[in-house]
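A.B. asks: Sequence first, predicted coordinates after that:
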Amino acid sequence: MIKEITAEVKNIGVDDHITDLFEGQYKVPRGMSYNSYLIVDEKTAVTDTVSEKFGDEWLENLREAIGDRSPDYLIIHHMEPDHSANIIKFTERYPETTVVANSKAFAMIDAFFGEGKCKNRMTVANGDTLNLGRHSLKFIFAPMVHWPEVMLSFDTTDGILFSADAFGKFGASDSGEEWLSEARRYYFGIVGKYGAQVQNLLKAARTLDIKTICPLHGPVLCENIGYYVEKYSTWSAYSAETDGVLIAYTSVYGHTKAAAELLFEKLKYAGCKEVVIRDLARCDMSEAVSDAFRFPTTVLATTTYNAGIFPPMHEFINMLTERNFRNRKIALIENGSWAPAASKTMRSMLEGAKDLTFTDTTVTVRSALNEKSLAELDTLAAEICS
């Protein structure tokens, strides 16, 4: 899938329609793209490799793009195996090529492939430049976005930012869906814990005249760059992206589901701008996580289970807190036939999350909805909408 970005810069990456779970956990029904870029100048540079099983296809793309010419440099921005797995395969094909990376990346190369396997090395520091002729690349370190060795490079000639995993998304290049929803799900799944580090990266990015963003996953972004930077700024600050409410629930025999669905109807009737309801036992959990960060208000509804809470809700709250969930309003609905304890457990699990506010109303369902719990739902709906 060779795609021309400029006359001298091409995407020689590959699409993956085989993998069903990215990183062993994120559903990718529309596949994944593994981008690798080629800069053809007085000296040629390739940025990153691709996932292991697509090495031959990627090298064929490279050969088709440059013929018998041997690349001068292989630049490694990120050592996660979906981008680094073919480094040694590349150096065996092109033994004279110099591998360009930082010291932390070279330590990982030795750990993944064995010491001494990568021979021709150029170790770069933050702010260093690499001149290719007309093009000059400036290296920008971005530790913990989302591994410690991550760096970006900026083509000061054409204003191209090779952004590693930043600004990427789920989905193959031919998947056809718009950027936002899958980029949001990708961000909060993969990068969400590291908001402070992303904010640091954005400070550096704002000093650059960026005309094009070339991420390691997803489409090349070449219009309205400010839109993508603004989304990353909102997400990394843990600010709500848009007004709305997420209702996330689990239910054993349907009574907690009935309460969640009734609240959904009440909120819609009251005029809440957007209300999304997710059954955590059945939905894609990463989509529910994305919604929790998208909206300012989340309702958690679950049953008391083994003196705690139902397992999918436990997993969901863990996923939120692992990603520094904060700056949100939380409402709780609990169910328990003899000793309701779900709200206490959920509050305890959220204790470490910063800047959460809880609604005054907590709905308690004892087995099934009754007049008291129905009245509590009315009060909660009014409180959320206010």
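C.D. replies: Here it is on my side, so go on. In this text the structure is predicted, and so the values were computed from the model without any measurement.
A.B. asks: Show me how the record splits this structure into domains.
C.D. replies: The chain breaks down into these domains under automatic domain parsing: 3-236, 245-385.
A.B. asks: what residues does the helix or strand where residue 291 lies touch?
C.D. replies: Take DSSP states H and E as the rule and residue 291 turns out to sit in helix 285-294. With contacts defined as C-beta atoms under 8 Å, 6 or more residues apart in numbering, helix 285-294 is touched by 25-27, 181, 184-185, 188-189, 192, 235, 238, 240-242, 244, 246, 248, 276, 278, 280, 298, 312, 315-316, 319-320, 323, 325, 328. For the C-beta atoms, the positions are set from N, CA and C on the backbone; glycine is no exception.
A.B. asks: Endpoint to endpoint, stretch 301-319 covers what distance?
C.D. replies: For stretch 301-319, the first-to-last residue distance is 16 Å (C-alpha to C-alpha, to the nearest Å).
A.B. asks: Other residues contacting that stretch?
C.D. replies: With C-beta under 8 Å, 6+ apart as the test, stretch 301-319 has contacts from 247-252, 256, 259-260, 263, 280-281, 285, 288-289, 300, 332-336, 339-342, 345-346, 349-350, 363.
A.B. asks: want to throw the domains of the chain into a markdown table with mean neighbour count and mean pLDDT?
C.D. replies: Listed next are these as a markdown table, based on neighbours: other C-beta atoms under 10 Å; pLDDT from 0 to 100:
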| stretch | mean neighbour count | mean pLDDT |
| --- | --- | --- |
| domain 3-236 | 18 | 96 |
| domain 245-385 | 18 | 96 |
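A.B. asks: Excluding residues flanking it in the chain, which one is nearest residue 234?
C.D. replies: Distance criterion C-beta to C-beta, 6 or more residues apart in numbering; nearest residue to residue 234, sequence neighbours excluded, is residue 241 at 5.4 Å.
A.B. asks: what's near enough to touch that neighbour?
C.D. replies: Neighbours of residue 241 in contact, by C-beta under 8 Å, 6+ apart: 184, 231, 234, 235, 293, 294, 295.
A.B. asks: ok so the third one is a strand residue?
C.D. replies: Meaning residue 234. No - Residue 234 sits outside any strand when classified using DSSP: H, G, I helix; E, B strand; the rest coil, being helix.
A.B. asks: Would you mind measuring from it to residue 138?
C.D. replies: 26 Å (C-beta to C-beta, to the nearest Å).
A.B. asks: swap in the fifth one?
C.D. replies: Taking C-beta to C-beta as the measure, residue 293 falls 32 Å from residue 138.
A.B. asks: The second one too?
C.D. replies: Here the distance between residue 231 and residue 138 works out to 24 Å (C-beta to C-beta).
A.B. asks: host element of residue 299?
C.D. replies: Counting by DSSP H and E, residue 299 is found in strand 297-305.
A.B. asks: That strand versus helix 285-294: what angle between them?
C.D. replies: Here the directions of strand 297-305 and helix 285-294 differ by 130 degrees (axes from the mean of the first three to the mean of the last three C-alpha atoms, to 10 degrees).
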